[in-house]
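J.: Predicted structure and sequence below. I'll ask about it afterward.
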Amino acid sequence: MLWNQIRRFTDANILRQDQPSLNELRISSVHNPRVREAAGLRDRRQRKRHGRCLIDGVRELSRALDAKLTPSEVFVCPELLSGEEAAALLDRLRQRQIPWIEVTPQVFVKLAYGERAAGVVAVATTPTASLADLELPADALVAVVEGLEKPGNLGAVLRSADGAGVSAVLVADPNTDLFNPNTIRASVGTIFSQRVAVAASSDIKEWLSARGVQMIAARVDAKVDYFVPDYTLPTAIVLGSEAEGLGAVWRAADVTPVRLPMLGVADSLNVSAAAAVLFYEARRQRASRT
C-alpha cells in the first residue's frame, strides 16, 4: 500500500527545483545513523529513554508547530509531498528557519508509522503532561481515560475531546504512552492543542475532588442512563478500557455511574465511540443552558 502511494505521488512532488530549500542533506541509506535513531523511536522504550517522540504526518506536524513545539529533526520525502497543506507546512518550516533532511522513498518507509505515507516525519522532545502543570476553567469539562491499551483508541478519544471542546484529557494508569506515534496520528495532531496529563487513577480522582469537579463514570452495570446527570456543572467523564472496564477507584460513593443503552447483541461500545456520545451530551446540555 505504501509503495502504491509513492508511485501515485511521485509526479505531484511539491518540492520544485525553483523553490528555496532548507534541507541539510539527502539521505538514501536506511542504515544512516540519524535514520536508525529516529526509526528507533517507534519503540516505547526508546521514546522513554531519549525523551523524544515521532510526529508522522503533515497535519500532525502543523498542529505541533501551532502549539509552539520545535522539532529537532524533520525528514521529508519529496516524492510523497503534494497538496496545499504540505506546501504550507514547508513554508512554515522555512519561516521558522527549521531545516529538514530529504530522504528517499526507501528510507521513508523505514521512518513512517503505519501504511499512510504523508511524506514528512519529525522528531521532537516529548511534551510534559503533569497534573501539576494543569489549570482548569470554572466550567470545566474533563475527560478521564483509564488503562487504555490501544494508542489508536486513545488518539480517537483525544480527537473527539477536541471536537467537543473538552477542557482537558487526563490519562490514568495507561498501558500505552500518551505520545505514541499512533496516538498522535489517530488524534490527527489535536493532542498538541489540548491540556493533557498522565497520572495514577487515585491521584487524578483526588485532584478532581479537590477542585469540586463531579465525576461521572461510564459502566456497563450502571442503572442510570447517560443523559440523566447534569453536565452543566464542572464535570469529569470517566471511561475505562473495553477489556477491563474501570478500576475500584471509580466505584466510590462520590462517582456517579451511567450507562449507554445497548440494544443489540454487543454489551458495550468502543471506548472512543462511548466517549464521543458522552462528550456531546455534555455539550448539548451546556448549549441549551445558554
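T.: Everything's here; your move. Residues are numbered from 1 along each chain as shown.
J.: tell me the SS of residue 269?
T.: Secondary structure, DSSP: H, G, I helix; E, B strand; the rest coil: residue 269 is coil.
J.: residues touching it, list them.
T.: Shown in contact with residue 269 (CB atoms under 8 Å, 6 or more residues apart in numbering): 260, 262, 277. Every residue, glycine included, has its C-beta placed from N, CA and C.
J.: backbone phi and psi for the nearest residue in space to residue 289 that is not next to it in sequence, please?
T.: Closest residue to residue 289 apart from its sequence neighbours, by CB to CB, 6 or more residues apart in numbering: residue 232 at 5.0 Å. For residue 232, the backbone dihedrals (degrees, to the nearest 10) come out as phi -80, psi -20.
J.: Now for residue 232: which residues touch it?
T.: With CB under 8 Å, 6+ apart, residue 232 has these contacts: 139, 285-286, 289.
J.: Buried ones among those residues?
T.: 285-286 (16 or more other CB atoms under 10 Å).
J.: Could you identify the most distant pair in the contacts of residue 232?
T.: 139 and 285 (11.6 Å; CB to CB).
J.: what comes up buried for stretch 83-101?
T.: Quick answer for stretch 83-101 (16+ other CB under 10 Å): 86, 89-90, 93, 98, 100-101.
J.: Strands of the stretch 151-290 of the chain, start to end?
T.: Along the stretch 151-290 of the chain, counting by DSSP state E, counting those that start in this stretch, strands occupy 168-172, 195-199, 214-218, 235-240, 255-258.
J.: Need these in JSON lines (columns: distance to residue 107).
T.: Listed next are the strands of the stretch 151-290 of the chain as JSON lines, based on distance: least, CB to CB, whole Å:
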{"stretch": "strand 168-172", "distance to residue 107": "33"}
{"stretch": "strand 195-199", "distance to residue 107": "31"}
{"stretch": "strand 214-218", "distance to residue 107": "44"}
{"stretch": "strand 235-240", "distance to residue 107": "39"}
{"stretch": "strand 255-258", "distance to residue 107": "49"}
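J.: Quick one: these as TSV, columns for distance to residue 38 and mean pLDDT too.
T.: Below are these laid out as TSV (distance: least, CB to CB, whole Å; pLDDT from 0 to 100):
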stretch	distance to residue 38	mean pLDDT
strand 168-172	25	97
strand 195-199	23	96
strand 214-218	38	98
strand 235-240	33	97
strand 255-258	42	98
